[in-house]
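K.L.:
Would you be able to build a 3D model of this:
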Amino acid sequence: MHLIQQADKDPLLRVEELKKVFRSGDRDLVLFENLSFHVSKGEMVAVVGQSGAGKSTLLHILGALDSASAGNVYCAHSQLNVLSDDDASEFRNREIGYVWQFHYLLPEFTALENVLMPQLIAGTSRGQGEARAKQLLGMLGLAHRLDHRPAQLS
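P.N.:
Here you go, the predicted model:
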């Protein structure tokens with residue numbers, strides 16, 4: 001696995017000495033170790049590697065969906081590897097977003113409703129949530145597709 005990274009700025013994400021080990025039968029399978037990097041505001045980073053290299057596992061750790069075997073992850077002023085399950089859920093709800101390779105949109109709802117729903121669950125008013133959902137969809141070039149269902153989007 002390789003990380004392609006730009007120059008150092010004020011990091012929003014910092015990874016220090018990360019290690020992930022899985023038990024495979026009577027042996028340990030080390031996906032990665034001594035992995036350290038940072039990502040700054042406005043920076044783009046690509047994680048590339050062969051199948052099984054640990055890319056998805058790394059992203060799950062960075063998104064507080066999984067834990068590392070060792071090391072520290074700091075993101076959005078939080079140390080992820082010490083968060084409780086509830087705090088990790090709150091972190092994911094408030095601080096980060098994922099675009100999955102396979103989307104998990106609810107097929108019976110429109111694009112606007114799919115983007116609005118997590119905001120309503122978080123307690124945002126419908127008016128504020130709709131405004132933000134429209135803004136986000138506009139940023140993605142989908143302002144003209146608000147009423148389309150997921151099957152109608154690519």
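K.L.:
could you point out which element follows the strand or helix carrying Pro118?
P.N.:
Element membership for Pro118 (DSSP states H and E) is helix 111-121. Reading on from helix 111-121 to the C-terminus, the next helix or strand found by DSSP H and E is helix 126-139.
K.L.:
ok, the residue of the chain lying at maximal distance from its centre to Glu130 distance?
P.N.:
No residue in the chain sits farther from the centre than Asp26, which is 32.2 Å out by C-alpha atoms, centre = their mean. Taking C-beta to C-beta, to the nearest Å as the measure, Asp26 and Glu130 are separated by 55 Å. In short, each C-beta sits where N, CA and C put it, glycine included.
K.L.:
which residues does the residue nearest to Leu80 when sequence neighbours are not counted bridge with?
P.N.:
Using C-beta to C-beta, 6 or more residues apart in numbering and skipping residues adjacent in sequence, the residue nearest Leu80 is Val73, 4.3 Å away. With DSSP bridges applied, Val73 shows beta-bridge pairing to Val15.
K.L.:
Helices of this structure, start to end?
P.N.:
Ranges of helices within the chain are 55-62, 85-95, 111-121, 126-139, based on DSSP state H.
K.L.:
Return the member of those helices having the minimum mean pLDDT.
P.N.:
Mean pLDDT is lowest for helix 85-95 among the helices of the chain, at a mean of 87.
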